[in-house]
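Novice: sequence? don't have it. structure:
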DNA sequence: CTCCAATTGCAAAAGGTTTGCATTTGCGTT
DNA sequence: AACGCAAATGCAAACCTTTTGCAATTGGAG
(Lines give C-alpha, C1' and ligand atoms only; values in the text may rest on other atoms or scores of the structure.)
Protein backbone atom coordinates (compact mmCIF):
# COMPACT_ATOMS: atom_id res chain seq x y z
CA UNK A 1 0.00 0.00 0.00
CA UNK A 2 1.25 3.44 -0.91
CA UNK A 3 0.51 5.49 2.17
CA UNK A 4 1.46 8.81 0.59
CA UNK A 5 -0.85 8.17 -2.31
CA UNK A 6 -3.65 7.25 0.06
CA UNK A 7 -3.30 10.53 1.93
CA UNK A 8 -3.00 12.62 -1.21
CA UNK A 9 -6.16 11.09 -2.64
CA UNK A 10 -7.94 12.43 0.41
CA UNK A 11 -6.24 15.82 0.06
CA UNK A 12 -4.62 15.34 3.43
CA UNK A 13 -1.12 16.56 4.08
CA UNK A 14 1.48 13.83 4.13
CA UNK A 15 3.04 14.10 7.58
CA UNK A 16 5.40 11.66 9.28
CA UNK A 17 2.79 11.25 12.02
CA UNK A 18 0.10 10.15 9.60
CA UNK A 19 2.42 7.83 7.78
CA UNK A 20 3.48 6.23 11.04
CA UNK A 21 -0.10 5.74 12.22
CA UNK A 22 -1.16 4.12 8.97
CA UNK A 23 1.96 1.99 8.82
CA UNK A 24 1.33 0.69 12.31
CA UNK A 25 -2.24 -0.19 11.42
CA UNK A 26 -1.12 -1.79 8.20
CA UNK A 27 1.44 -4.00 9.86
CA UNK A 28 -1.13 -5.26 12.34
CA UNK A 29 -3.44 -7.98 11.10
CA UNK A 30 -6.12 -7.05 13.57
CA UNK A 31 -7.75 -4.34 15.59
CA UNK A 32 -5.84 -1.94 17.81
CA UNK A 33 -6.86 0.51 20.52
CA UNK A 34 -5.75 4.14 20.46
CA UNK A 35 -3.37 3.27 23.28
CA UNK A 36 -1.86 0.38 21.33
CA UNK A 37 -1.46 2.56 18.27
CA UNK A 38 0.24 5.21 20.38
CA UNK A 39 2.59 2.64 21.91
CA UNK A 40 3.71 1.51 18.48
CA UNK A 41 3.89 4.90 16.84
CA UNK A 42 5.98 6.40 19.62
CA UNK A 43 8.67 3.85 18.79
CA UNK A 44 8.92 5.46 15.36
CA UNK A 45 8.29 9.07 16.38
CA UNK A 46 9.31 9.50 20.01
CA UNK A 47 7.78 12.97 20.24
CA UNK A 48 4.33 12.18 19.00
CA UNK A 49 1.49 13.25 21.21
CA UNK A 50 -1.73 11.45 22.08
CA UNK A 51 -3.79 14.30 20.71
CA UNK A 52 -2.21 13.82 17.32
CA UNK A 53 -3.18 10.17 17.43
CA UNK A 54 -6.79 10.94 18.33
CA UNK A 55 -7.14 13.75 15.83
CA UNK A 56 -5.83 11.59 13.04
CA UNK A 57 -7.84 8.55 13.96
CA UNK A 58 -10.99 10.66 13.79
CA UNK A 59 -9.94 12.13 10.49
CA UNK A 60 -8.96 8.84 8.89
CA UNK A 61 -12.19 7.31 10.10
CA UNK A 62 -14.21 10.13 8.51
CA UNK A 63 -12.41 9.60 5.25
CA UNK A 64 -13.15 5.90 5.29
CA UNK A 65 -9.53 4.85 5.61
CA UNK A 66 -10.20 3.16 8.94
CA UNK A 67 -12.93 1.06 10.48
CA UNK A 68 -13.97 1.46 14.10
CA UNK A 69 -15.08 -1.44 16.25
CA UNK A 70 -16.71 -1.06 19.66
CA UNK A 71 -16.78 -4.40 21.45
CA UNK A 72 -19.45 -5.20 23.98
CA UNK A 73 -16.76 -5.27 26.65
CA UNK A 74 -16.13 -1.58 26.06
CA UNK A 75 -13.36 0.41 24.48
CA UNK A 76 -12.87 1.49 20.90
CA UNK A 77 -10.74 -0.37 18.39
CA UNK A 78 -9.46 0.66 15.00
CA UNK A 79 -8.28 -1.16 11.95
CA UNK A 80 -7.26 -0.30 8.44
CA UNK A 81 -10.09 -0.71 5.97
CA UNK A 82 -8.72 -3.33 3.62
CA UNK A 83 -11.92 -4.32 1.92
CA UNK A 84 -13.75 -2.35 -0.68
CA UNK A 85 -17.41 -1.75 0.01
CA UNK A 86 -19.70 -2.83 2.79
CA UNK A 87 -18.62 -5.65 5.04
CA UNK A 88 -18.64 -6.86 8.62
CA UNK A 89 -16.00 -8.22 10.99
CA UNK A 90 -15.20 -11.39 12.82
CA UNK A 91 -12.82 -10.61 15.66
CA UNK A 92 -10.67 -12.85 17.82
CA UNK A 93 -10.92 -11.93 21.48
CA UNK A 94 -7.49 -13.36 22.19
CA UNK A 95 -5.16 -12.10 19.48
CA UNK A 96 -7.33 -9.33 18.03
CA UNK A 97 -7.25 -10.76 14.52
CA UNK A 98 -9.94 -9.31 12.32
CA UNK A 99 -11.46 -11.37 9.54
CA UNK A 100 -13.65 -9.59 7.02
CA UNK A 101 -17.06 -11.06 6.30
CA UNK A 102 -18.93 -10.35 3.11
CA UNK A 103 -22.23 -11.63 4.41
CA UNK A 104 -24.66 -8.92 5.51
CA UNK A 105 -27.89 -9.76 7.27
CA UNK A 106 -29.76 -6.59 6.35
CA UNK A 107 -31.31 -8.06 3.23
CA UNK A 108 -33.16 -10.58 5.33
CA UNK A 109 -34.96 -8.10 7.49
CA UNK A 110 -35.60 -5.14 5.25
CA UNK A 111 -39.15 -6.26 4.62
CA UNK A 112 -39.84 -6.70 8.30
CA UNK A 113 -38.46 -3.25 9.04
CA UNK A 114 -40.42 -1.53 6.30
CA UNK A 115 -43.56 -3.27 7.54
CA UNK A 116 -42.86 -1.64 10.90
CA UNK A 117 -42.31 1.74 9.22
CA UNK A 118 -38.70 1.81 10.38
CA UNK A 119 -36.14 3.46 8.10
CA UNK A 120 -32.70 1.98 8.73
CA UNK A 121 -29.68 4.21 8.21
CA UNK A 122 -26.90 2.22 9.81
CA UNK A 123 -26.35 -1.16 11.34
CA UNK A 124 -23.63 -3.19 12.91
CA UNK A 125 -22.96 -6.86 12.88
CA UNK A 126 -19.87 -8.05 14.66
CA UNK A 127 -18.86 -11.51 15.72
CA UNK A 128 -16.46 -12.20 18.57
CA UNK A 129 -14.81 -15.44 19.51
CA UNK A 130 -11.58 -17.32 18.91
CA UNK A 131 -9.77 -17.65 15.63
CA UNK A 132 -8.39 -20.88 14.26
CA UNK A 133 -4.99 -20.47 15.93
CA UNK A 134 -6.28 -19.31 19.28
CA UNK A 135 -9.01 -22.00 19.47
CA UNK A 136 -6.33 -24.62 19.16
CA UNK A 137 -4.16 -23.06 21.83
CA UNK A 138 -7.06 -22.99 24.27
CA UNK A 139 -7.90 -26.67 23.74
CA UNK A 140 -4.33 -27.78 24.35
CA UNK B 1 -44.15 -5.38 36.28
CA UNK B 2 -43.57 -6.13 39.94
CA UNK B 3 -40.18 -4.59 40.62
CA UNK B 4 -39.89 -6.00 44.14
CA UNK B 5 -40.59 -9.47 42.86
CA UNK B 6 -37.99 -9.03 40.13
CA UNK B 7 -35.32 -8.09 42.65
CA UNK B 8 -36.23 -10.83 45.08
CA UNK B 9 -36.02 -13.45 42.33
CA UNK B 10 -32.42 -12.39 41.88
CA UNK B 11 -31.80 -12.42 45.63
CA UNK B 12 -31.04 -8.71 45.56
CA UNK B 13 -32.09 -6.43 48.37
CA UNK B 14 -35.09 -4.31 47.59
CA UNK B 15 -33.84 -0.75 48.05
CA UNK B 16 -35.56 2.49 47.06
CA UNK B 17 -32.60 3.23 44.77
CA UNK B 18 -33.01 0.00 42.83
CA UNK B 19 -36.72 0.40 42.58
CA UNK B 20 -36.31 3.93 41.25
CA UNK B 21 -33.74 2.90 38.64
CA UNK B 22 -35.91 0.09 37.34
CA UNK B 23 -39.02 2.24 37.36
CA UNK B 24 -37.29 4.91 35.33
CA UNK B 25 -36.15 2.33 32.78
CA UNK B 26 -39.59 0.78 32.71
CA UNK B 27 -41.35 4.05 32.03
CA UNK B 28 -39.04 4.75 29.13
CA UNK B 29 -39.87 2.98 25.91
CA UNK B 30 -36.29 3.20 24.70
CA UNK B 31 -32.67 3.29 25.60
CA UNK B 32 -31.18 5.64 28.21
CA UNK B 33 -27.63 6.66 29.11
CA UNK B 34 -26.35 6.46 32.68
CA UNK B 35 -26.58 10.25 32.79
CA UNK B 36 -30.20 10.22 31.64
CA UNK B 37 -31.07 7.57 34.19
CA UNK B 38 -29.40 9.62 36.90
CA UNK B 39 -31.28 12.76 35.84
CA UNK B 40 -34.59 10.95 36.16
CA UNK B 41 -33.84 9.02 39.32
CA UNK B 42 -32.65 12.09 41.18
CA UNK B 43 -36.13 13.55 40.76
CA UNK B 44 -37.44 10.64 42.82
CA UNK B 45 -34.50 10.29 45.22
CA UNK B 46 -32.71 13.64 45.49
CA UNK B 47 -29.79 12.18 47.42
CA UNK B 48 -28.89 9.37 45.09
CA UNK B 49 -25.30 9.24 43.98
CA UNK B 50 -23.85 8.45 40.60
CA UNK B 51 -21.88 5.56 42.01
CA UNK B 52 -25.10 3.91 43.10
CA UNK B 53 -26.43 4.23 39.58
CA UNK B 54 -23.34 2.67 38.05
CA UNK B 55 -23.08 -0.09 40.59
CA UNK B 56 -26.68 -1.06 40.07
CA UNK B 57 -26.58 -0.83 36.31
CA UNK B 58 -23.66 -3.26 36.32
CA UNK B 59 -25.45 -5.55 38.71
CA UNK B 60 -28.74 -5.51 36.86
CA UNK B 61 -26.92 -6.11 33.61
CA UNK B 62 -25.13 -9.13 35.06
CA UNK B 63 -28.42 -10.53 36.23
CA UNK B 64 -29.94 -10.13 32.82
CA UNK B 65 -32.51 -7.55 33.91
CA UNK B 66 -31.03 -4.95 31.56
CA UNK B 67 -29.62 -4.87 28.05
CA UNK B 68 -26.68 -2.71 27.11
CA UNK B 69 -26.32 -1.02 23.75
CA UNK B 70 -23.15 0.65 22.49
CA UNK B 71 -23.93 2.72 19.41
CA UNK B 72 -21.32 3.38 16.76
CA UNK B 73 -21.39 7.02 17.76
CA UNK B 74 -20.04 6.08 21.18
CA UNK B 75 -21.49 6.02 24.65
CA UNK B 76 -23.31 3.26 26.49
CA UNK B 77 -27.07 2.93 26.63
CA UNK B 78 -29.26 0.77 28.82
CA UNK B 79 -32.76 -0.56 28.57
CA UNK B 80 -34.96 -2.91 30.47
CA UNK B 81 -34.92 -6.41 29.05
CA UNK B 82 -38.53 -6.96 28.09
CA UNK B 83 -38.06 -9.98 25.86
CA UNK B 84 -37.33 -13.47 26.95
CA UNK B 85 -34.37 -15.13 25.28
CA UNK B 86 -31.93 -14.03 22.62
CA UNK B 87 -32.85 -11.05 20.50
CA UNK B 88 -31.47 -7.96 18.81
CA UNK B 89 -32.50 -4.31 18.74
CA UNK B 90 -33.71 -1.77 16.28
CA UNK B 91 -33.10 1.70 17.69
CA UNK B 92 -34.41 5.08 16.66
CA UNK B 93 -31.63 7.66 16.53
CA UNK B 94 -34.08 10.48 17.15
CA UNK B 95 -36.32 9.40 20.01
CA UNK B 96 -34.28 6.45 21.31
CA UNK B 97 -37.17 4.01 20.89
CA UNK B 98 -36.00 0.42 21.00
CA UNK B 99 -37.83 -2.25 19.02
CA UNK B 100 -36.95 -5.88 19.73
CA UNK B 101 -36.14 -8.10 16.78
CA UNK B 102 -36.40 -11.86 16.95
CA UNK B 103 -34.39 -12.46 13.81
CA UNK B 104 -30.78 -13.49 14.40
CA UNK B 105 -28.30 -13.74 11.54
CA UNK B 106 -25.91 -16.16 13.23
CA UNK B 107 -27.59 -19.24 11.80
CA UNK B 108 -26.70 -18.11 8.31
CA UNK B 109 -23.00 -17.89 8.83
CA UNK B 110 -22.18 -20.63 11.29
CA UNK B 111 -21.04 -22.91 8.50
CA UNK B 112 -18.80 -20.27 7.01
CA UNK B 113 -17.26 -19.58 10.41
CA UNK B 114 -16.63 -23.22 11.21
CA UNK B 115 -15.05 -23.63 7.78
CA UNK B 116 -12.66 -20.86 8.83
CA UNK B 117 -12.01 -22.57 12.14
CA UNK B 118 -13.49 -19.64 14.02
CA UNK B 119 -15.35 -20.36 17.25
CA UNK B 120 -17.92 -17.63 17.91
CA UNK B 121 -18.75 -16.80 21.49
CA UNK B 122 -20.66 -13.54 21.18
CA UNK B 123 -22.05 -11.33 18.49
CA UNK B 124 -23.96 -8.13 18.09
CA UNK B 125 -26.45 -7.03 15.55
CA UNK B 126 -27.98 -3.62 15.97
CA UNK B 127 -29.95 -1.51 13.56
CA UNK B 128 -30.13 2.26 13.78
CA UNK B 129 -32.43 4.59 11.91
CA UNK B 130 -35.75 6.34 12.35
CA UNK B 131 -38.89 4.81 13.75
CA UNK B 132 -42.31 5.15 12.19
CA UNK B 133 -43.17 8.34 14.08
CA UNK B 134 -39.82 10.04 13.61
CA UNK B 135 -39.58 9.16 9.89
CA UNK B 136 -42.85 10.97 9.35
CA UNK B 137 -41.74 14.02 11.29
CA UNK B 138 -38.56 14.29 9.23
CA UNK B 139 -40.39 14.12 5.92
CA UNK B 140 -42.81 16.88 6.90
C1' DC C 1 -35.72 -6.90 67.99
C1' DT C 2 -30.98 -7.82 66.88
C1' DC C 3 -27.26 -8.31 63.99
C1' DC C 4 -24.51 -8.64 59.92
C1' DA C 5 -23.68 -8.53 55.26
C1' DA C 6 -25.19 -5.79 51.60
C1' DT C 7 -25.87 -1.30 50.05
C1' DT C 8 -25.34 3.51 49.88
C1' DG C 9 -23.28 8.36 49.81
C1' DC C 10 -19.34 10.87 49.57
C1' DA C 11 -15.01 12.25 47.95
C1' DA C 12 -11.27 11.34 45.47
C1' DA C 13 -8.96 8.94 41.78
C1' DA C 14 -8.61 6.94 37.45
C1' DG C 15 -9.02 6.55 32.53
C1' DG C 16 -9.89 7.96 28.16
C1' DT C 17 -10.68 11.74 25.11
C1' DT C 18 -11.00 16.61 23.77
C1' DT C 19 -9.62 21.46 23.47
C1' DG C 20 -7.11 26.07 23.30
C1' DC C 21 -3.10 27.93 21.94
C1' DA C 22 1.53 28.83 20.40
C1' DT C 23 4.77 26.72 17.28
C1' DT C 24 6.02 24.15 13.37
C1' DT C 25 5.51 22.27 8.81
C1' DG C 26 3.73 20.69 4.26
C1' DC C 27 3.04 22.30 -0.01
C1' DG C 28 0.98 25.48 -3.49
C1' DT C 29 2.51 29.74 -5.38
C1' DT C 30 5.66 32.83 -6.78
C1' DA D 1 14.69 27.97 -4.52
C1' DA D 2 12.25 30.87 -1.36
C1' DC D 3 7.80 32.61 0.50
C1' DG D 4 3.49 32.56 2.84
C1' DC D 5 -0.31 30.57 4.83
C1' DA D 6 -3.50 27.19 6.11
C1' DA D 7 -3.06 22.80 8.10
C1' DA D 8 -1.05 20.02 11.43
C1' DT D 9 1.44 19.23 15.67
C1' DG D 10 2.97 19.24 20.69
C1' DC D 11 1.90 20.57 25.10
C1' DA D 12 -0.84 21.34 29.04
C1' DA D 13 -4.99 21.66 30.95
C1' DA D 14 -9.78 20.65 30.91
C1' DC D 15 -13.54 17.43 30.54
C1' DC D 16 -16.51 13.61 31.04
C1' DT D 17 -17.53 9.17 32.32
C1' DT D 18 -16.69 5.53 35.28
C1' DT D 19 -14.44 3.32 39.29
C1' DT D 20 -12.82 2.82 44.01
C1' DG D 21 -11.97 3.12 49.19
C1' DC D 22 -14.23 3.92 53.18
C1' DA D 23 -17.39 5.06 56.80
C1' DA D 24 -22.29 5.25 57.69
C1' DT D 25 -26.74 3.27 56.84
C1' DT D 26 -30.17 -0.23 56.01
C1' DG D 27 -32.77 -4.48 54.42
C1' DG D 28 -34.15 -8.66 55.87
C1' DA D 29 -32.95 -13.30 57.89
C1' DG D 30 -33.09 -15.43 62.23
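Specialist: In hand now; what should we look at? Because the structure is a prediction, the values reported are computed rather than measured.

Novice: before we move on, which element is the residue in chain A sticking out farthest from the centre in?
Specialist: Taking C-alpha atoms, centre = their mean, the residue of chain A most remote from its mean C-alpha position is residue A:115, at 33.1 Å. Here residue A:115 sits within helix A:106-116, counting by DSSP states H and E.

Novice: Any residue of that helix touching chain B?
Specialist: Yes: using C-beta under 8 Å from any C-beta of the partner chain, helix A:106-116 reaches chain B at A:106, A:108, A:109, A:112, A:113, A:116. For the C-beta atoms, the positions are set from N, CA and C on the backbone; glycine is no exception.

Novice: got it, and stretch A:68-86?
Specialist: Yes: using C-beta under 8 Å from any C-beta, stretch A:68-86 reaches chain B at A:68, A:70, A:72, A:74, A:76.

Novice: and the residues you listed, which of them are in strands?
Specialist: When the residues of stretch A:68-86 next to chain B are checked against strands (DSSP state E), the matches are residue A:68.

Novice: how about the helices in chain A?
Specialist: For chain A, the helices defined by DSSP state H cover A:3-9, A:16-27, A:34-44, A:50-62, A:106-116, A:132-139.

Novice: highest average neighbour count across the ones you listed?
Specialist: helix A:16-27 (a mean of 19; mean count of other C-beta atoms under 10 Å in any protein chain shown).

Novice: which residues are in contact with that helix?
Specialist: The list of residues contacting helix A:16-27 from outside it, by C-beta atoms under 8 Å, 6 or more residues apart in numbering or on different chains, reads A:1, A:3-4, A:6-7, A:12, A:32, A:37, A:40-41, A:44-45, A:48, A:52-53, A:56-57, A:60, A:65-66, A:78-80.

Novice: Run the angle between it and helix A:34-44 for me.
Specialist: Helix A:16-27 runs at 120 degrees relative to helix A:34-44, counting by axes from the mean of the first three to the mean of the last three C-alpha atoms, to 10 degrees.

Novice: and helix A:16-27, how far from the chain's centre?
Specialist: 13 Å (C-alpha atoms, centre = their mean, to the nearest Å).

Novice: still on that earlier bit, wait, what's in contact with the residue farthest from the centre of chain A?
Specialist: Counting by C-beta under 8 Å, 6+ apart, residue A:115 has no contacts.

Novice: and stretch A:6-25, average pLDDT?
Specialist: Averaging pLDDT along stretch A:6-25 yields 97.
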